[in-house]
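K.L.:
need a 3D model of the sequence below.
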Amino acid sequence: MKIKRDDLIHPVISGNKWRKLSSLLSSVPQGAKGIVSFGGGFSNHVHALAYCCKSLDLPFIAIIRGNYQQNLTPMLRDISAWGAQIIYVDRVTYQRRNDADYLNELSTQYKGYAIIPEGGSHIDAMHGVAKIVQEIEWNFDAIVTPVASGATLAGIAQSINADQQAIGIAVLKGEEYLESLVQNFMVQPNDNWHIEHAFHHGRYAKITPELQSFCSELHKKYGIPTEGVYSGKLFFALKEMLAAGTFSQGQKILVLHTGGMQGARQY
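P.N.:
Modelled structure (predicted):
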């Protein structure tokens, strides 16, 4: 077993956010006045994108689910310091983030701004995700990654060889739903991937005492930092799967650490 440490790509824009945004931002029309995107109060995507916009001197509008005005999260304090304009919306409004009518309203309101989907999950992001596989020199049998929006797993599944497998660890409740997200990103459907649904610990961002203890022990024993939303659930699942004999004897397993450590600050 080996670990690909994409969390070490950059101190701020780490892991799959670097992969997705490297492609998405290169596809933003030249002359765009700024960027609009979406996320929660702890969003790794919004955090990374705000830093990119600051570096590129591009105005950034972050549409945030919930009202944190009186209690800013570490992520929101960062992006505010980087010059992002934060707009808080209720859950009903936020649920419209993929609706064509709502996106048209935003395009009219913020004329000339490029709109990037929540999580950076867009077909244009697939090129950046594919580079993960291109960088791997080890001939692995299976690659294991967290799954939330489906884009990272889809990009990997499309890039590996036919005799290799991509295994997603669901970090939220969503059997069939997560599979449909992955399929939506697939240019050509294939059967070299699947999702394990037994390790989400109750729901998205649910961090049980057992999971928190595991993350702390993993860091102390192996020096690998994780957080309970994505990477912690990934490594916890791996431990359980190894104990259960899920993998064949001698099977070469590659574990993808997708970063997102800024989100651990709330814990």
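K.L.:
burial measure for residue 249, as a count.
P.N.:
With neighbours defined by other Cβ atoms under 10 Å, the count for residue 249 comes to 5. C-beta: built from backbone N, CA, C; applies to glycine.
K.L.:
residue contacts, it?
P.N.:
With contact set as Cβ atoms under 8 Å, 6 or more residues apart in numbering, residue 249 has no partners.
K.L.:
hang on, residue 56 packs against residue 28?
P.N.:
No: with contacts defined as Cβ atoms under 8 Å, residue 56 does not count as touching residue 28, sitting 9.3 Å away.
K.L.:
ok, these two, which is more surrounded?
P.N.:
Counting neighbours by other Cβ under 10 Å for residue 56 and for residue 28 shows that residue 28 has the greater number, 17 against 11.
K.L.:
please look at the more buried one and residue 37 and confirm they touch.
P.N.:
No: no contact is recorded between residue 28 and residue 37 when judged using Cβ under 8 Å, the distance being 11.3 Å.
K.L.:
and for residue 200, the neighbour number?
P.N.:
Residue 200 has 22 neighbouring residues, counting by other Cβ under 10 Å.
K.L.:
do the same with residue 201
P.N.:
When neighbours are counted by other Cβ under 10 Å, residue 201 registers 22.
K.L.:
can you start the count at 853 instead of 1 from here on
P.N.:
With the count now opening at 853, the last piece we talked about shows up as residue 1053.
K.L.:
could you list the buried residues of the host helix or strand of residue 945?
P.N.:
Following DSSP states H and E, one finds residue 945 within helix 943-946. Going by neighbour count (16 or more other Cβ atoms under 10 Å), the buried part of helix 943-946 is residue 946.
K.L.:
quick one: the helices in the stretch 903-1052 of the chain, in order.
P.N.:
Residue ranges of the helices in the stretch 903-1052 of the chain, as given by DSSP state H, counting those that start in this stretch, are 926-933, 943-946, 952-961, 978-986, 1003-1009, 1029-1037.
K.L.:
using CSV, list the CA coordinates for the fifth one.
P.N.:
Presented in CSV, the C-alpha positions along helix 1003-1009 are these (Å, rounded to 0.1, in the frame of the first residue of the first chain):
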residue,chain,number,x,y,z
ALA,A,1003,-15.9,14.7,-9.7
THR,A,1004,-12.7,13.3,-8.3
LEU,A,1005,-13.7,9.7,-8.5
ALA,A,1006,-15.1,10.2,-12.0
GLY,A,1007,-11.9,11.8,-13.2
ILE,A,1008,-9.8,9.0,-11.8
ALA,A,1009,-12.1,6.2,-13.1
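K.L.:
show me what it is packed up against.
P.N.:
Under the contact criterion of 3 or more Cβ pairs under 8 Å, 6 or more residues apart in numbering; DSSP states H and E, the helices and strands touching helix 1003-1009 comprise helix 867-878, helix 978-986, strand 994-999, strand 1017-1022, helix 1029-1037, strand 1045-1048.
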